[in-house]
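J.: 3D model of this:
(one chain, ligands or ions: 3)
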Amino acid sequence: MKSLFIAGTDTDVGKTYITAGLAVVLRKMGVDIGVMKPFAAGSAQKKGYKSEDVEILSRAAHACDPENLVNPQFFPIPASPYTAWKKLKIKPRIPIVLSSFKKLTKLHEMILVEGMGGIMTPILKDYFITNLIKEMKIPTVIVTRSKVGTVNHTIMTIKMCEKYKIPVKGIIINDFDKGYPVKDLTKDLQNLTGVPVLGSIPFIKDMSDESLNRIFKKNINLKLLLK
Ligand SMILES: Nc1ncnc2c1ncn2[C@@H]1O[C@H](COP(=O)(O)OP(=O)(O)OP(=O)(O)O)[C@@H](O)[C@H]1O
Ligand SMILES: C[C@H](N)[C@H](N)CCCCCC(=O)O
Ligand SMILES: [Mg+2]
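T.: Residues are numbered from 1 along each chain as shown. Ligands and ions are numbered 1, 2, ... in the order given. As a prediction, the model looks like this:
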């Protein structure tokens with residue numbers, strides 16, 4: 001089964017929450033799921049994985065792959081890899097990220113890769129999340145919020161995917177902080193981008209397997225996602 005890159009229109013739009021939900025529902029369907037967060041940043045957790053995203057994703061996938069494969073590089077400041085590099089003199093290591101991804105694809109049927117920030121988050125001067133997706137040769141799903149302002153962000157994101165010739169499977173609306181009515185936003189985004197909306201996810205009160213499985217099974221067009 002083809003791996004998927006879960007990208008977003010921005011940081012904090014819910015890529016981790018959506019990737020976790022997809023990991024649970026696909027695992028419950030019998031897919032051997034692995035997860036990856038190629039680059040992570042922020043304040044490191046004191047116990048377990050440095051990145052909280054990696055902890056959430058690994059728990060959702062029931063995967064226990066080594067941290068150096070799942071998250072090859074962690075920057076201890078909340079910034080893009082490029083900015084962290086300039087500030088901390090820690091150069092982003094793309095070859096290791098790509099080789100780690102390759103190893104993970106040999107360990108699992110499907111890898112869900114979570115991006116970092118929006119798709120134009122810079123890794124090196126002329127290398128962005130878009131370039132990473134292209135080198136991984138996998139399709140992407142775009143997570144967007146429903147808050148006013150999302151139409152602009154989503155169109156810009158899709159247009160950049162077109163410019164980089166990145167296949168987009170679909171858009172998932174993360175309706176956790178209420179904005180446009182989802183029905184209207186779904187119609188508008190599909191008409192304006194030509195990309196299918198795979199569904200929308202409400203505010204998730206409970207991140208248990210049972211809750212995520214129920215919510216994602218009900219709200220996401222899994223057939224279209226896996227087509
Ligand atoms: N569907 C949801 N239900 C409830 N809370 C949510 C939902 N989606 C996102 N959140 C809230 O928004 C915060 C940011 O979401 P998340 O960490 O998934 O964003 P992200 O896009 O992965 O960010 P980053 O770019 O840092 O990886 C979460 O910590 C949570 O508090
Ligand atoms: C620290 C934060 N939560 C993300 N992990 C990193 C977001 C990078 C954003 C780059 C930018 O400013 O666009
Ligand atoms: Mg995240």
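J.: helix, strand or coil: sort out whichever residue of the chain sits closest to ligand 2 for me.
T.: Residue of the chain nearest ligand 2, by Cβ to the nearest ligand atom: Gly117 (3.1 Å). Any C-beta I mention is one placed from the backbone N, CA and C, and that applies to glycine too. Under the three-state scheme (DSSP: H, G, I helix; E, B strand; the rest coil), Gly117 adopts coil.
J.: help me confirm that Cys161 is found in a strand?
T.: No - looking at Cys161 with three-state DSSP, it is helix, so not inside a strand.
J.: so what's it up against?
T.: By Cβ atoms under 8 Å, 6 or more residues apart in numbering, the contact set of Cys161 is Ile119, Thr130, Thr140, Ile142, Val168.
J.: narrow the residues you listed to those in strands?
T.: Thr140, Ile142, Val168 (DSSP state E).
J.: what about the strands in the chain?
T.: Using DSSP E, strands in the chain cover 4-8, 33-36, 39-41, 73-75, 110-114, 122-124, 127-128, 140-145, 168-175, 197-202.
J.: got the CA coordinates for the second one in CSV?
T.: The reference is to strand 33-36. Coordinates of each C-alpha in strand 33-36 appear next as CSV, following Å, rounded to 0.1, in the frame of the first residue of the first chain:
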residue,chain,number,x,y,z
ILE,A,33,1.0,1.0,9.8
GLY,A,34,4.3,2.8,10.5
VAL,A,35,4.7,6.5,11.3
MET,A,36,7.3,9.1,10.7
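J.: that strand - which strands sit beside it in the sheet, and in what orientation?
T.: strand 110-114 (parallel) (DSSP bridges).
J.: TSV for the strands of the chain, including distance to Tyr82?
T.: Formatted as TSV, the strands of the chain follow (distance: least, Cβ to Cβ, whole Å):
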stretch	distance to Tyr82
strand 4-8	17
strand 33-36	20
strand 39-41	10
strand 73-75	10
strand 110-114	18
strand 122-124	4
strand 127-128	8
strand 140-145	20
strand 168-175	24
strand 197-202	30
